[in-house]
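Q: Would you be able to build a 3D model of this:
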Amino acid sequence: MRRAVCPGSYDPATNGHLDIIERASKLFDEVVVAVMINKNKQGLFTIEERLEMLREVTGDLPNVRVDSWHGLLVDYCREHGIAAIAKGLRSVSDFDYELQMAQMNRELSGVETLLMSNNPVYGFVSSSLVKEIATYGGDVKNLVPGAVFERLTAKLAHRDA
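A: A predicted model of the protein is given here:
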């Protein structure tokens, strides 16, 4: 069975993330969307909220499952028998960083990395920008899946109240 992992913080998941997940699901028998936990970062959404949103927006992809992990991604891959990491690239600066990570991951564990160019429609979209724009009342409806938009709007309204 060919298995890959799509790692990220997904705080929140964007249409760019979903595009890469959907495309990876066509290339692999199973794709694990792994929410990577970084205790040093304070996210807008809890890990459980991110997992719930991802399960909802990937629910129509039968070979995709959602999980979380604290630690090195290569350890997750080793523990779960995953031979490939699938990541999206938005820009040249993404490529520079991801190439170094891919080489390090292969050196540490033999895990290969598939770097996929993003759909140009989502080339400028990042979770950080989505949160910033939404915080100041900007319209991000076309940048995130509908279920994420609803939760993001509710979260920000609750936080501002």
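Q: does the residue lying closest to Leu99 once chain neighbours are set aside sit in a helix, a strand or a coil?
A: Nearest in space to Leu99, with sequence neighbours left out and distances taken as C-beta to C-beta, 6 or more residues apart in numbering, is Leu115 at 7.5 Å. Where you see a C-beta, it was placed from the backbone N, CA and C, and this is true even at glycine. Under the three-state scheme (DSSP: H, G, I helix; E, B strand; the rest coil), Leu115 adopts strand.
Q: Give the full set of residues in contact with Leu115.
A: 87-89, 95, 98-99, 102 (C-beta atoms under 8 Å, 6 or more residues apart in numbering).
Q: gap between it and Ala147?
A: Using C-beta to C-beta, to the nearest Å, Leu115 is found at 27 Å from Ala147.
Q: from what I can see, Gly43 looks like it's in a strand, true?
A: No: going by three-state DSSP, the assignment for Gly43 is coil, not a strand.
Q: Next, the contact list for the residue lying closest to it once chain neighbours are set aside, please.
A: Of all residues not flanking Gly43 in the chain, Asp11 sits nearest, at 4.2 Å (C-beta to C-beta, 6+ apart). Asp11 sits next to 43-45, 50, 127, 131 when contact means C-beta under 8 Å, 6+ apart.
Q: Mind giving me the ChimeraX select for the contacts of Leu115, buried ones only?
A: In ChimeraX syntax, the buried subset of the contacts of Leu115 is picked out as below (16 or more other C-beta atoms under 10 Å):
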select :87,88,89,98,102
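Q: Take the contacts of Leu115 and keep only those in strands.
A: Taking DSSP state E, the ones among these that sit in strands are 87-89.
Q: mind checking the SS state of Leu143?
A: Per three-state DSSP, Leu143 ends up coil.
Q: Against Asp19, how distant is Val130?
A: Taking C-beta to C-beta as the measure, Val130 falls 14 Å from Asp19.
Q: ok so, going back, name the nearest of the contacts of Asp11 relative to Val33.
A: Taking C-beta to C-beta as the measure, Val33 lies nearest Arg50 of the contacts of Asp11, at 9.7 Å.
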